[in-house]
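Chemist: Fold the following and give me the result.
(one chain, ligands or ions: 2)
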Amino acid sequence: MAAGKGTRLKSKRPKVLHEISGRSLLLHVIAAAKSLVPANRIYCVIGHEADQVRHAVAHTGVHFILQAEQRGTGHALQIAKAHFAATGDVIPQNLIVLSGDAPLIRPETLQALSTFHAEQHASMTILTAVPSDPTGYGRVIRANPDAPDVTAIVEQKSLSPEQKNAPEINSGIYCFNTSALFAKLDLLSTNNAHGEYYLTDVAALLVADKQRVVAIQASSVDEVLGANTIAEMMHLDAAMRLATAHRLMAEGVTIFRPDTCVIDAEVQIAPDTIIEPYVQILGATRVGSDCRIRSYSVIHSSELGEGVLVRNGCILDHATIGDGAILGPYAHLRPESIIGPAAHVGNFCETKKITLGAGSKANHLTYLGDAIIGAGVNIGAGVITCNYDGVHKNTTTIGDHSFIGSDSTLVAPVTVGEGAYVAAGSCITDDVPSDALAFGRARQVTKSGWAATRRETIRANK
Ligand code: UD1
Ligand code: CA
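Modeler: Ligands and ions are numbered 1, 2, ... in the order given. Alright, predicted model coming up:
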């Protein structure tokens, strides 16, 4: 169910597209569902900003059901039932219902829910938890505390005074016998505090019909928590990131002060890599073993080989870094930067769409864009590839073992051959053949005694 607006967020973005741990709530939930069944057996009920939501998750391959008007969670399932009737899609024997705003749910827990449902021969099985503060959640009322049988789910606003402290919450995640559920949906009413069709009312309807409704508690409270406000969402974000950090540490990664690091759920890091405090590792980043990522670096969807040193304050975005390379401090590697093994990209260097060959060095204050740079090249301080002529991006090619003197500008398209030298301060507009030396600067003129004469003249005229 992902059709709701999320009024309590006070945001123009639909709730299920808000992000925690680097991806939308809904993508987390779909990922959990996909661990149980293939995408073509997953139906996503969308409604509020339906096009935007559909567009954001269409790549997962799930089906969509449009709930044009959102009249409650029971209504969402009424629409789903109508969808099956209209399309003739095979109605599954059992249906797991997930909430688009409860993203921490783990596949193991869904499996346990489904197994328990089958074992208990239940018509409805409710996943529950007992959090320290149950306020705001629907409460699951059991027939007696030691049995799985449930008599009803009561929404927060409908709790009677004696139910106010009922500790067990409804996670909004259920397993149904589909035909039992579908038979009761038309009996729901909107006679409640929100004037909505509550899916939760199906529990009492089934019980009245002498069908089994049971509850099973999730192994951890955190994984069933929902997010109705930004603050609750950030609580889930912190929980999920900490879980990611703990997964990585269990796999042999050292993370100093994991509470200060922002690591997305998809990130993979090999053992013996060390992450210093205040590092962000985002998107689909993969880091090899024996790397060290120093503080204040932000690495997005990049691939780092083994033994890479990322010094403080680097920004990497869709970059690929070879084994043993050294970056920074304060290097900015923009998309399609491919840095070879043992290469160095030093202080205040910016790269974009380049290959820098093995062992090549650009250590200081350089911009390298749209360049193909060979192995063993030395790029002096302040070198700039002038890649943009106002209309096109042009390529600079630099052969192996060449030397580009400090403060040179290379006006692309231009090629410097292998083993060539470019003198410091040159503006290179023509190709430089292999093994040549190129100057592209005015010759120095030195006038002996000129300064002394000038001082004399000034003094004489006072
Ligand atoms: C719901 C449950 C509550 C439970 C809580 C757990 C009901 C009536 N209450 O309350 O017992 O403790 O979840 O988090 O179900 N949605 C639709 N269409 C709609 C309305 C909602 O698709 O017409 C979707 C929302 O996008 C959301 C999910 O259903 O992903 C739950 O809706 P929400 O309004 O957040 O329900 P809660 O008030 O949290
Ligand atoms: Ca909710």
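Chemist: And the residue of the stretch 151-300 of the chain closest to ligand 2?
Modeler: Gly226 (4.0 Å; CB to the ion). C-beta: built from backbone N, CA, C; applies to glycine.
Chemist: Setting aside sequence neighbours, what's the nearest residue to that residue?
Modeler: Spatial nearest neighbour of Gly226, excluding adjacent residues (CB to CB, 6 or more residues apart in numbering): Ala102 at 4.6 Å.
Chemist: From what I see, the one you found and Gly172 are in contact.
Modeler: Yes. Using CB atoms under 8 Å, Ala102 is in contact with Gly172, at 5.7 Å.
Chemist: buried stuff in stretch 8-24?
Modeler: Residues of stretch 8-24 classed as buried by neighbour count (16 or more other CB atoms under 10 Å): Leu9, Pro14, Lys15, Val16, Leu17, His18, Ile20, Ser21, Gly22, Arg23, Ser24.
Chemist: re the thing from before, return the residues in contact with the residue of the stretch 151-300 of the chain closest to ligand 2.
Modeler: Ser99, Asp101, Ala102, Tyr137, Ser171, Gly172, Glu232 (CB atoms under 8 Å, 6 or more residues apart in numbering).
Chemist: and the residue nearest to Gly226, what does it touch?
Modeler: Neighbour list for Ala102: Val29, Ser171, Gly172, Ile173, Val224, Leu225, Gly226, Ala227 [criterion: CB under 8 Å, 6+ apart].
Chemist: ok, now with 10 Å
Modeler: Taking CB atoms under 10 Å, 6 or more residues apart in numbering, we find Ala102 in contact with 1, 25, 28-29, 32, 127, 171-173, 223-227, 236.
Chemist: any residues in contact with both of Ala102 and Gly172?
Modeler: Joint contacts of Ala102 and Gly172 (CB under 10 Å, 6+ apart) are Met1, Leu127, Val224, Gly226.
Chemist: Just put those in CSV and tack on pLDDT.
Modeler: Converted to CSV, those look like this (pLDDT from 0 to 100):
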residue, pLDDT
Met1, 98
Leu127, 98
Val224, 93
Gly226, 87
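Chemist: If any of the residues you listed are buried, give me the ChimeraX selection for them.
Modeler: Only the buried entries of those go into this ChimeraX selection, using 16+ other CB under 10 Å:
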select :1,127,224,226
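Chemist: show me which of the shared contacts of Ala102 and Gly172 neighbour ligand 1.
Modeler: The subset of the shared contacts of Ala102 and Gly172 within reach of ligand 1, by CB under 6 Å from any ligand atom, is Met1, Gly226.
Chemist: Pick the one among the shared contacts of Ala102 and Gly172 closest to Thr457.
Modeler: Gly226 (83.9 Å; CB to CB).
Chemist: returning to that earlier point: using CSV, lay out the buried residues of stretch 8-24 together with pLDDT and secondary structure.
Modeler: Formatted as CSV, the buried residues of stretch 8-24 follow (pLDDT from 0 to 100; DSSP: H, G, I helix; E, B strand; the rest coil):
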residue, pLDDT, secondary structure
Leu9, 90, helix
Pro14, 94, coil
Lys15, 94, helix
Val16, 96, helix
Leu17, 97, helix
His18, 96, coil
Ile20, 95, strand
Ser21, 93, coil
Gly22, 92, coil
Arg23, 94, strand
Ser24, 96, strand
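Chemist: just the helices in the stretch 101-250 of the chain please.
Modeler: For the stretch 101-250 of the chain, the helices defined by DSSP state H, counting those that start in this stretch occupy 107-119, 178-185, 202-208, 230-250.
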